[in-house]
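Chemist: Fold the following and give me the result.
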Amino acid sequence: MKLQYISDSEGNTTAVVIPIEEWNQMKARHTDLADAENDFELPEAAKAILDERLATENKADFIPYEESQKMLREKYGL
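Modeler: Numbers count the residues shown, from 1 in each chain. Below is the predicted model of the structure:
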């Protein structure tokens with residue numbers, strides 16, 4: 001299995017990426033994994049990293065969620 005490890009700025013491993021083909025094989029063998037896929041919640045460490053990165057961004061570059069959805073619907077005819 002070819003895994004990718006994600007680390008924070010202090011070198012602590014915070015996540016693992018599993019190739020999609022291997023994930024699908026694992027779900028086929030272990031049906032409880034399919035349920036886990038629907039119960040996703042961002043881990044606290046990932047939330048902290050996201051908060052840290054968002055704090056350094058220019059808020060003027062962000063657009064509201066509803067506006068982004070409207071733009072995507074118009075662009076892709078959804």
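Chemist: Okay, residue 37 and residue 18: tell me how far apart.
Modeler: Distance, residue 37 to residue 18, by CB to CB, to the nearest Å: 11 Å. Glycine gets a C-beta too; all of them are placed from N, C-alpha and C.
Chemist: And those two? Which one has more around it.
Modeler: residue 18 (14 against 9; other CB atoms under 10 Å).
Chemist: give the contact list for that one.
Modeler: For residue 18, the contact set (CB atoms under 8 Å, 6 or more residues apart in numbering) comprises 1, 3, 26.
Chemist: what do you get if the cut-off is 7 Å, keeping everything else the same?
Modeler: residue 3 (CB atoms under 7 Å, 6 or more residues apart in numbering).
Chemist: Ok, residue 4 next?
Modeler: Residues in contact with residue 4, defined by CB under 7 Å, 6+ apart, are residue 17.
Chemist: In the protein, what helix or strand scores lowest on average pLDDT?
Modeler: helix 32-38 (a mean of 74; mean pLDDT, DSSP states H and E).
Chemist: from the chain's centre, how far out does that helix sit?
Modeler: Relative to its parent chain, helix 32-38 has a centroid offset of 16 Å by CA atoms, centre = their mean, to the nearest Å.
Chemist: just stretch 68-78 next, same as before
Modeler: The answer for stretch 68-78 is 22 Å, by CA atoms, centre = their mean.
Chemist: Quick one: mean pLDDT for it?
Modeler: Summarised as a single mean, pLDDT over stretch 68-78 is 90.
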